[in-house]
Each structure stands twice: as structure tokens, then as C-alpha cells.
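J.: need coordinates for the below:
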Amino acid sequence: MKTYYSVLMLSSVLLLSACGSDSDSTTDVGQFSLGVSDAPMVGVSRLGLVMNELVMTDAKGEIHRYSLQHREFNLLDYQGMNRHLAIDNIDLPVGQYHNVHVTIDQGDGNQGCYVEDGQGRHSLQVENGYLPIDDVQIIANRERVMTLEINLFRGLLMEQEQYQLRHRAMWSVDNSQMGHLIGEVDPQWVASCEMDYADLTPVGGEFYHLAYLYPDSVTSIDQMADMGTTPPTGLTAPLSVSRLLQTTDGDWYFAMGYLPEGNYRVGYSCLGHLDDPILDDISAGPFIMYKDADTITIESGPLGGQQTIHECGNGNGGHHEGHGGHGG
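T.: Here you go, the predicted structure:
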């Protein structure tokens, strides 16, 4: 088995050397880019990811490694339809690659990945030390552009005084085969949920309004599970969870970016503060899914990245700010 080592230069020029190879022949190449994005999160002010290497295995079983030079960025700066371009248009030999992943520098409290919240700075451990990427096919003289979406509501956990980031909340998608979702939420839903569950008002008086995205196998609100790792029999866990935001005029909406094209269903609750990312809070706990926002079809459009606007209930009159706004 051969292992190929390269360094990704800031100019995006790739220096590729095949260890143990005695051939200087030119290899057909294509281009590869990778972005990273996340969904709006509550209670965290900064999440520093430090990327080490892009690792890929080709069809012959040979491993290719490309240094990312321990670059650090704040994932929370890239929410909704924004993304951090971690790998920009690098040259790769033509072929099919599997076991594709980005290794990261695990946090130890001083170096590596970390999370900042209201209690200070904490180390961050990413499951198995890497971020998983789907298989990649590189075609000669064509660019493959992908995005890794990390849903922090489902994947970021605090355990034993340090944060953990789990793979179950990550997916990657070819940018030509994905779309974005903007949900315009009926203000009466928000007001009624807060009124109906006034006795469950969280400390500080601010409800956590969340939108839940499910596969189209979910056909009613009774089949919608919470974020717990083991959903009850007959219920389905959400694929993604996003915090509702408000425009400067107070209209409610949410944004979910980089969704594979296909059919989904959306649920809403104002009781996000009662939805533990590990525990089942919907069958034995106080959490309630409040409204079924019906089905939604995500289409990529001719170039990928088509934006779909979905009215939840009666909507909010067409008001949203894409992926900005402030939380509620």
C-alpha cells in the first residue's frame, strides 16, 4: 500500500509526490473543493475547529494525505447557507475515492479544537478524531465541490467537563445536488405554544423555538421523535434541528442549508430547552412537538443551491433574512 503526502499551499497549488514511485508521468487530474457549515446554536459563542489533513483512499487501496496546515476557524461564523471554504480547488488524480475524511487536532484545553460558552473555554473532542466525508469521484478537468454540514444541536454534547462532537449530526453533499430551506413561521404558532406551556417557561423567561427536519417516511406529528439518540418505537429521529430566528421587525423564520435534494417533513416546538440531545424526552419527559409544518421538497435547481421557501402554518407574510437575524 502506498501513501501519498502533499501540502495544500495558500495559492491552492498542490504538490503531489508518490512515495516509492519511479514514474514521472503526468496524471490526469480534476479539482476538489470542500466547504463546512453549521446550524444556529444556543449557549455557545465560539467553536474552534483545527483541521490537520484531508485523507482519501483510491480504488487501488492507496492512501492520499494532504496537509491542511492545522488551520483554525470559528464554525459559528458559517451558519445556514454560509460556509467556510476549507479546501479550495485543489488538483487530485482522476478516480474514485472512499474512506474520505478530514482529521482534526483534538482539544486538550490549551491547544486544538475548543468551545467557548458562558462558563469559559473548554476542550472539544471530535468522534474518532476526524470529520467524515462521502465518497468522492474525481473526473478529469472538472471540479467536484462538496459541503460538510454539522448540525450542532444534535451533535454537540457536554460530558465530563469537555465537549464532544458526534458524527451522527454530520453529512456531506455534492453542491450540485443540494438546496437550502427557509421556513417562514406563523407568529400565532409561537404565541400559542408559549401560552399553552407557560408553566414550562425556562429560567430567564426565553423559550427555545426550534424547527425539526424529518425524512418523508414521517407522515404525521405522532411519528416525530426528539433529538434523543434512541428514538422510541414508531418514532423517527430528526435529520436536522435549527433554531428559529427573528428579523429586525420581529418576524419568525429558520434556515437550513446544504440539504440533499429530496422530500422532507418539518415539525416545530417552543420547548427546545427541554430536548436533551441524548435522552428520550418525548415519551417519558416534558418535551412536546407542538406543530406539524407539513411536507417540503428540496430541489437543487440547474446549478445546485436552489433556495426553497416554506410557509409553516400561515407563514409570516414573506419576511426573512436568509440566514441572518437574531435568535429567539
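J.: check contacts around Asp281.
T.: 226, 228, 274-275, 287 (CB atoms under 8 Å, 6 or more residues apart in numbering). Where C-beta positions appear, they are placed from N, C-alpha and C, glycine not excepted.
J.: what about the residue lying closest to it once chain neighbours are set aside, which helix or strand?
T.: With sequence-adjacent residues excluded and distances taken as CB to CB, 6 or more residues apart in numbering, Asp281 is closest to Phe287, at 3.8 Å. Applying DSSP states H and E as the criterion places Phe287 outside every helix and strand.
J.: so Phe287 sits right up against Asp226, yeah?
T.: Yes. Judged on CB atoms under 8 Å, Phe287 makes contact with Asp226 at a distance of 5.2 Å.
J.: shared neighbours of the two, which are they?
T.: 275, 281.
J.: ok, these two, which is more surrounded?
T.: More crowded of Phe287 and Asp226, by other CB atoms under 10 Å: Asp226, with 29 against 23.
J.: where along this structure do the helices fall?
T.: 152-155, 187-196 (DSSP state H).
J.: contacts for the first one next, please.
T.: Under the criterion CB under 8 Å, 6+ apart, residues 38-39, 41-42, 44, 47, 75, 165-170, 210, 227, 238, 240-243, 272, 277 lie in contact with helix 152-155.
J.: just the buried ones from the residues you listed?
T.: 38-39, 41, 44, 47, 75, 165-166, 169-170, 210, 227, 238, 240-243, 272, 277 (16 or more other CB atoms under 10 Å).
J.: distance of the spatially closest residue to Leu279 that is not a sequence neighbour from Ile182?
T.: Spatial nearest neighbour of Leu279, chain neighbours left out: Gly228 (5.3 Å); criterion: CB to CB, 6+ apart. Plainly put, Gly228 is 27 Å away from Ile182 if you go by CB to CB, to the nearest Å.
J.: those two: which has the busier surroundings?
T.: Set Gly228 next to Ile182 and count neighbours by other CB under 10 Å: Gly228 wins out with 22 against 19.
J.: distance of Leu76 relative to Asp275?
T.: Taking CB to CB, one finds Leu76 at 20 Å from Asp275.
J.: the two: who's more crowded?
T.: Set Leu76 next to Asp275 and count neighbours by other CB under 10 Å: Asp275 wins out with 25 against 17.
J.: scan the protein for its longest strand.
T.: The residue-count maximum for a strand in the chain (DSSP state E) belongs to strand 44-58.
J.: direction included, what does it pair against?
T.: Note on strand 44-58: by DSSP bridges, its sheet partners are strand 63-74 (antiparallel), strand 95-104 (antiparallel), strand 114-117 (antiparallel).
J.: quick one: low-confidence parts of the stretch 1-150 of the chain?
T.: The stretch 1-150 of the chain contains residues with pLDDT under 70 at 1-27.
J.: what ranges do the strands span in it?
T.: Secondary structure of the stretch 1-150 of the chain (DSSP state E, counting those that start in this stretch): strands at 3-8, 14-18, 29-38, 44-58, 63-74, 84-93, 95-104, 114-117, 120-126, 130-133, 136-138, 143-150.
J.: per the record, what domains does the protein have?
T.: Domain assignment for the chain by automatic domain parsing gives 3-165, 180-327.
J.: looking at those domains, spot the one closest to Asp174.
T.: domain 3-165 (5.6 Å; CB to CB).
J.: now that closest one, how far from the centre of its chain.
T.: The chain centre lies 13 Å from the centre of domain 3-165; the measure is CA atoms, centre = their mean, to the nearest Å.
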